[in-house]
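[1] How does the following fold in three dimensions:
(chains A and B)
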2 protein chains.
Amino acid sequence: MSEINEIMQQAKAAFEVYSKTTPAQRAAFLENIAEQIEAKREQLTTKAHVETHLPLPRLNNEITRTTSQLKMFAAYITEGSWVAAAIDNQPSKPDTRKMLIPVGPVVVFGASNFPFAFSTAGGDTASALASGSTVVVKGHSAHAGTSLLVYAAIQEAIRLSGMPEHTLQHVLGPGNTAGKELVMHPFTTGVGFTGSYKGGTALMQYAAAREKPIPVFAEMSSINPVVLLPDTLTQNAAALAKKLAGSVTLGMGQFCTNPGLLLGIKSPALETFLSELGEEVSQVTPLPMLHEGIHTNYQQGLTEMLPYVVYKGEGEPARAIAMVSAKDFLNIPHLREEVFGPFSLLVTCENKAELKKALQSISGQLTATIMGTDKDLAEHRDIISLQTSLAGRVIINEVPTGVEVNSSMVHGGPFPATSDARFTSVGATAIQRWVRPVCFQGFPDALLPEELQNANPRGIWRTVNNEWKNV
Amino acid sequence: MSEINEIMQQAKAAFEVYSKTTPAQRAAFLENIAEQIEAKREQLTTKAHVETHLPLPRLNNEITRTTSQLKMFAAYITEGSWVAAAIDNQPSKPDTRKMLIPVGPVVVFGASNFPFAFSTAGGDTASALASGSTVVVKGHSAHAGTSLLVYAAIQEAIRLSGMPEHTLQHVLGPGNTAGKELVMHPFTTGVGFTGSYKGGTALMQYAAAREKPIPVFAEMSSINPVVLLPDTLTQNAAALAKKLAGSVTLGMGQFCTNPGLLLGIKSPALETFLSELGEEVSQVTPLPMLHEGIHTNYQQGLTEMLPYVVYKGEGEPARAIAMVSAKDFLNIPHLREEVFGPFSLLVTCENKAELKKALQSISGQLTATIMGTDKDLAEHRDIISLQTSLAGRVIINEVPTGVEVNSSMVHGGPFPATSDARFTSVGATAIQRWVRPVCFQGFPDALLPEELQNANPRGIWRTVNNEWKNV
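    Predicted coordinates:
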């Protein structure tokens, strides 16, 4: 208790200094973190491979993604328009000027399935540091050693960049106790989490029960429905099966965007698709899952699906495809729950009306995909619209796994995909979770933040009396 | 129960149609609502005067503000950049494009103190309708007749604009039961509320207890600290007293931005200020408060402050000024609570250090004001910074009452001023409460919303591979 309290005191004290650094200083700091991680690349991937069983090439890619994310945020805050500056200074009206400012220390929970990109120096941390928030990371126990090594790299960057010592701090130890204390601490102003539904909703409840509630962004659970439209099935059943098999089994299915639900209208082509998919999936070479807990959960989930499993590969974890009629899918709620691993459930519908009903029965999602020819898409605008209502990212003719890190990415979605569909945890706008707008009224120019000064010294895009300008 | 259920079913059905209207159609609809309200101006102000006791000139101003808000949102969605469109389409990468879309039916609670601008056709409703959300208004019982008249005006606009019949619906009846049912209904996707701390936190708890939690934006309670710096007190004590007396008693203090807390460092000038302020405030002619409940609450609040009251006008409600040392202010928590009415508490500090402690002891605020000469401001950057950390709007040398409706306004702030400091309920960006981002990946151009199509047919400002463009 006293340890967490001390950490949060330090995080707040560091915030008073760090939140007043310039965007250029923070950008250099983020670049420096990327350099320090790059310098330890081999040590980091070796450790993470031992701890997570993830293959080295995947871990190397993940390090590259992590350093790219840090550099993207450096570029984003340097460009500067993200602060959403707006100036109103019409004659005979008050002079009001608005921009986004950081709120205070943020608590970030490391994710088990991404030891780098969603952990200690991952997207939550990078976006929070970019905003001017200090960060306390609760490292994931499944890769504690990796997390400590990344923490050391960040500490080195803090020293080299001259940032306050406690700009980022790192906590290990039993998840529930320390995690709860961190979320409940009065100095915590926001929480980022990627993990299970159970874990995420527990954090939401802690945050809501505080004397002063704070926002939690929890990315939790998603089965990522993929609709297979009739014409593309007729024309491309085998190719679609191959593509989706790759996506279902990628990283042994341990991705939030894993396509765990496939839906199609009964046809011979759908049968062909199913058998090709089943063959492909079951023949994928098994690799160890991230940790024992995930493996056990997967085995339990698969056991509940057993009555519907039609293809299952040898060895552990079992790569498997199940099939169920839309009628059963609508009647049996647990079929709509996530089975985190190399598994997908095909729902076979009698017709379009039943397909729509099946889609309407599922909860909020990170992604929703439609596979279709031009003809299909023209005839299924209602299905595209339904999928859009479900998810934060809607995809046509590509697989949902693989999340670009850019300004237009949304890794979010209606509950229970996340706790708040208005935000994303991946991409540049992930920064919006950690900031709030402030209106400065009647300020002398020199007392305004640079972003709001008349001369626009940073040359950022902003509105002045509702006109966009960068001068 | 079944009535609320039917209303929410209708709101959802209407959303399916209304959310697909074009911005031009919605803008015309909002303009039409403004026209219908304008056409009933006399009837509306007469009714509201009877129900709320607010003076006719104030009510006329409030109608103008309400119709201006509607027109502002019409212009805002016509301009179109609010959807935050971002396109990434670099070669060899997935084509991803993001924009904001409406989420679903929104429940709006009318406020007692603004029968027009924060009620049936007020800012919450206008921003929600602008976004493409349908709305269910829970009218405030203190001005039910006014609310019904405004509802009739909106219904007329719905008919004339050809919008779905249930684009906006209106509910009356006992606040707690109907309100709870509305917030708990599975089809409700967001809540807007302006009122008491008790009411707002109750709604937050209902929303958090739902099977699928939803965001609540509740604007609740604020004492709006005003810091009076030494040099300006020496130079302008009388003028400051006059200015603040006007703000404290405006509308019998029944504004969320009423300056309920004044802070200064002990000096002869502060004593002069206090006596001038006390004289001014107590001499203001009393007018009836909005309703009996508010009056009773004010009397109770004032009774608790009685030991500190130094000036008090004759008649009801009593206009009053209290004074307390910073030491007592720091030790007695109830002195930091809102007394909603024509009252303000002056905290006298021994020195700057004590002034800072007093500021650090108070919770989140809608506004925070600093009165100071150039010399004062230069010497008190730390006080400006502290005030900024407290509030959604920071004001220099103007009074906090009077909220501009524009693109840079923030009527929000850290808890308990509002439930979520990342949003505002006044100004153009109030629309952000009702929308979420969606990323469209791999979409054929013709299937994209216009805002994201290659040709940019609406000519909106957006980023394309991180460059701002409106072509």
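
[2] In a strand, A:G264, correct?
    Yes: judged by DSSP: H, G, I helix; E, B strand; the rest coil, A:G264 forms part of a strand.

[3] how about the residue nearest to it when sequence neighbours are not counted, phi and psi?
    Excluding the flanking residues, the one nearest A:G264 by CB to CB, 6 or more residues apart in numbering or on different chains is A:L228, at 4.0 Å. (C-beta placed from N, C-alpha, C; glycine too.) When read as degrees, to the nearest 10, the backbone of A:L228 gives phi -100, psi 110.

[4] neighbours of A:L228, just the number please.
    26 (other CB atoms under 10 Å in any protein chain shown).

[5] Tell me the bridge partners for it.
    A:G264, A:M371 (DSSP bridges).

[6] right, and it touches A:S267 too?
    No: with contact defined as CB atoms under 8 Å, A:L228 does not count as touching A:S267 (9.8 Å).

[7] residues touching the residue nearest to A:G264, list them.
    Applying CB atoms under 8 Å, 6 or more residues apart in numbering or on different chains, we find A:L228 in contact with A:L240, A:L262, A:L263, A:G264, A:L270, A:F273, A:M371.

[8] The helix or strand containing A:T388 near chain B anywhere?
    Assigned by DSSP states H and E, A:T388 belongs to helix A:381-390. Yes: counting by CB under 8 Å from any CB of the partner chain, chain B is contacted by helix A:381-390 at A:R381, A:I384, A:T388.

[9] Show me how far that helix is from its chain's centre.
    Offset of helix A:381-390 from its chain centre (CA atoms, centre = their mean, to the nearest Å): 22 Å.

[10] Given whichever helix or strand comes after that helix, what are its sheet partners and their directions?
    Sequence-wise, the next helix or strand downstream of helix A:381-390 (DSSP H and E) is strand A:391-396. Partners of strand A:391-396 in the sheet, by DSSP bridges, are strand A:365-371 (parallel), strand B:435-441 (parallel).

[11] CSV for these, including mean pLDDT, mean neighbour count and distance to B:L100?
    As requested, these are exported to CSV (pLDDT from 0 to 100; neighbours: other CB atoms under 10 Å in any protein chain shown; distance: least, CB to CB, whole Å):
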stretch, mean pLDDT, mean neighbour count, distance to B:L100
strand A:365-371, 98, 28, 17
strand B:435-441, 98, 25, 4
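
[12] quick one: which of those strands is nearest A:V150?
    strand A:365-371 (24.7 Å; CB to CB).

[13] A:G442: neighbouring residues, count only.
    Neighbour tally, A:G442, other CB under 10 Å: 17.

[14] State the distance from it to chain B.
    5 Å (CB to the nearest CB, to the nearest Å).

[15] now A:G459
    On the measure of CB to the nearest CB, A:G459 and chain B end up 12 Å apart.

[16] pLDDT score assigned to that residue?
    For A:G459, the pLDDT comes out at 98.

[17] My reading is that it is in a helix; is that accurate?
    No: under three-state DSSP, A:G459 falls outside any helix and is assigned coil.

[18] how about it, what does it touch?
    So A:G459 contacts A:G80, A:N470, A:V471 (CB under 8 Å, 6+ apart).

[19] which secondary element of chain A has the worst mean pLDDT?
    Least confident helix or strand, chain A: helix A:175-184 with a mean of 89, by mean pLDDT, DSSP states H and E.

[20] Please verify my assumption that A:T45 contacts A:P55.
    No: taking CB under 8 Å as the definition, A:T45 is not a contact partner of A:P55, at 9.8 Å.

[21] Tell me which of those two has more neighbours.
    A:T45 (23 against 14).

[22] Mind telling me what element that one is part of?
    helix A:41-52.

[23] packing partners for that helix?
    Based on contacts counted as 3 or more CB pairs under 8 Å, 6 or more residues apart in numbering or on different chains; DSSP states H and E, the elements that helix A:41-52 packs against are helix A:56-79, helix A:144-161.

[24] Quick check: which of those helices is nearest to chain B?
    helix A:56-79 (6.8 Å; CB to the nearest CB).

[25] in the closest one, what counts as buried?
    Residues of helix A:56-79 classed as buried: A:58-60, A:62-67, A:69-74, A:76-79 (neighbour count, 16 or more other CB atoms under 10 Å in any protein chain shown).

[26] could you check whether that helix is close to chain B?
    Yes: using CB under 8 Å from any CB, helix A:56-79 comes into contact with chain B via A:A75, A:E79.

[27] Quick one: name whatever helix or strand follows that helix.
    Past helix A:56-79, the next helix or strand by DSSP H and E is strand A:86-88.

[28] outside of whatever helix or strand comes next after that next one, which residues touch it?
    Where DSSP H and E defines the elements, the next helix or strand beyond strand A:86-88 is strand A:96-102. Defining contact as CB under 8 Å, 6+ apart, one finds that strand A:96-102 is touched by A:15, A:19, A:82-89, A:131-133, A:432, A:434-441, A:443, A:448-449, A:451-452, B:388, B:393, B:404, B:406-410, B:429.

[29] Run through the helices of the stretch 151-300 of chain A in chain order.
    A:175-184, A:197-209, A:230-249, A:268-283, A:292-305 (DSSP state H, counting those that start in this stretch).

[30] ok, of those, where does mean pLDDT dip lowest?
    helix A:175-184 - the lowest mean pLDDT of the helices of the stretch 151-300 of chain A, at a mean of 89.

[31] how about that one: buried residues?
    Buried, per 16+ other CB under 10 Å, within helix A:175-184: A:G175, A:A178, A:G179, A:E181, A:L182, A:V183, A:M184.

[32] Export it to CSV, keeping only CA atoms.
    Below are the C-alpha coordinates for helix A:175-184, written out as CSV (Å, rounded to 0.1, in the frame of the first residue of the first chain):
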residue,chain,number,x,y,z
GLY,A,175,-1.9,-8.4,-10.6
ASN,A,176,-5.1,-7.9,-8.6
THR,A,177,-3.8,-6.2,-5.5
ALA,A,178,-1.3,-3.8,-7.0
GLY,A,179,-3.6,-3.2,-10.0
LYS,A,180,-6.5,-2.3,-7.8
GLU,A,181,-4.4,0.0,-5.6
LEU,A,182,-3.0,1.8,-8.7
VAL,A,183,-6.5,2.3,-10.2
MET,A,184,-8.0,3.5,-6.8
